[in-house]
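Colleague: below is the sequence, then the predicted model.
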Amino acid sequence: MERILTELVEKLKKAHGNRLVSVILYGSAAGAAEKDRFSDYNVLCVLTDVTSDDLAASEPIFRWWRDKKNPSPLLLSESEVRTSTDCFAIEFHDMKERNQILYGRDVLEGLEIDYSFYRAQVEHELRAKLLRLRQKAGGMLSDRDLLLRLMADSVSTFCVLMRHALLLAGETQPQFEKRAVVAAARDKFGIDDGPFLALLDVREEKVKERDLQPAALFREYLKQVYAVVDAVDQMQK
């Protein structure tokens, strides 16, 4: 992954030249002693400003990055970094806690995060991802392979959001490691951690997919996500 990250930076430098301000790896992968191929490689790419020409220049790079099973980089301008901490409190919180500067200057240094809408953002993201999961699953419930892949692709995002639900619930330093987050959510919110652990096993290739029953797993997975959403909804507003 170090080689791939270096290649990403070189592609961005070639595409954007002196308009490229910073490239930052953030989240769980940034804090790992060794890069884990099962971690999500979340990247912040900062330009002086973002134009349609910049988007066109980024398109083949972002497509190449997604083809390697990574989330699309977050592309922001310098001014957006300074002015978006209220609506992207989740993302900037994770960036501040764990980051690795891959190129350029540290645009996060001294950045103040506005938590005014933090609880609402966590609930919004949970509900939005839940709705998206249901909508997609509605078209593939009879296809076990597609359904299992949909759940496995979504579990990482729900682990991130559960970590922020734990922060809202008073956990001062919940871990980034996904299984530790699931265990903490089980203890704090009373959820069944089984569906999450099964899907993490799928992501990490620790289980044979044919040994699972995707329809039954989806039913239980959905139930536990509902429980986390309800827990956040009941928090002080």
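Modeller: The structure has been received and is ready for your questions. Numbers count the residues shown, from 1 in each chain.
Colleague: okay, now Val9: neighbour count?
Modeller: Using other C-beta atoms under 10 Å, Val9 has 18 other residues around it. Where C-beta positions appear, they are placed from N, C-alpha and C, glycine not excepted.
Colleague: all strands for this structure, in order.
Modeller: For the chain, the strands defined by DSSP state E cover 20-26, 42-47, 74-77, 99-104.
Colleague: for the longest helix along the chain, packing partners?
Modeller: Ranked by residue count, the top helix of the chain under DSSP state H comes out as helix 144-168. Contact here means 3 or more C-beta pairs under 8 Å, 6 or more residues apart in numbering; DSSP states H and E; on that basis helix 144-168 packs against helix 89-97, helix 118-137, helix 178-189, helix 194-203, helix 214-233.
Colleague: cutoff 7 Å now
Modeller: helix 118-137, helix 178-189, helix 194-203, helix 214-233 (3 or more C-beta pairs under 7 Å, 6 or more residues apart in numbering; DSSP states H and E).
Colleague: export the ones you listed as a markdown table, with columns for mean neighbour count and distance to Gly104.
Modeller: Shown next, in a markdown table, are the helices and strands packed on helix 144-168 (neighbours: other C-beta atoms under 10 Å; distance: least, C-beta to C-beta, whole Å):
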| stretch | mean neighbour count | distance to Gly104 |
| --- | --- | --- |
| helix 118-137 | 16 | 27 |
| helix 178-189 | 19 | 29 |
| helix 194-203 | 20 | 31 |
| helix 214-233 | 17 | 35 |
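Colleague: right, so of these, which gets closest to Leu167?
Modeller: Closest to Leu167 of these is helix 118-137 (C-beta to C-beta; 8.4 Å).
Colleague: quick check: the gap between Leu74 and Tyr221.
Modeller: 27 Å (C-beta to C-beta, to the nearest Å).
Colleague: how long is stretch 11-29 end to end?
Modeller: Start-to-end span of stretch 11-29 (C-alpha to C-alpha, to the nearest Å) is 20 Å.
Colleague: now that stretch, how far from the centre of its chain.
Modeller: 18 Å (C-alpha atoms, centre = their mean, to the nearest Å).
Colleague: repeat that for stretch 162-175.
Modeller: Distance, centroid of stretch 162-175 to centroid of chain: 15 Å (C-alpha atoms, centre = their mean).
Colleague: endpoint to endpoint, it covers what distance?
Modeller: 11 Å.
Colleague: touching that stretch from outside, list them.
Modeller: Here stretch 162-175 makes contact (C-beta atoms under 7 Å, 6 or more residues apart in numbering) with 90, 119, 122, 181, 184-185, 188, 228, 231-232, 235.
Colleague: between those residues, which is nearest Lys208?
Modeller: Val181 (24.9 Å).
Colleague: hang on, that closest one packs against Val160?
Modeller: No - using C-beta atoms under 7 Å, Val181 makes no contact with Val160, being 8.1 Å away.
Colleague: once you drop chain neighbours, what's closest to Ala152?
Modeller: Val202 (4.4 Å; C-beta to C-beta, 6 or more residues apart in numbering).
Colleague: and for Leu197?
Modeller: Leu197's closest residue in space is Val182 (C-beta to C-beta, 6+ apart), at 6.3 Å.
Colleague: what sits against the residue most central in space within the chain?
Modeller: Centroid check for the chain by C-alpha atoms, centre = their mean gives Thr157 as the closest residue, at 4.7 Å. The contact partners of Thr157, by C-beta under 7 Å, 6+ apart, come to Lys129.
Colleague: for Tyr118, see how far away Leu148 is.
Modeller: 33 Å.
Colleague: number of nearby residues for the closest residue to Arg186 other than its chain neighbours?
Modeller: Nearest non-adjacent residue to Arg186, counting by C-beta to C-beta, 6+ apart: Asp193, 4.2 Å away. Neighbour count of Asp193, defined by other C-beta under 10 Å: 17.
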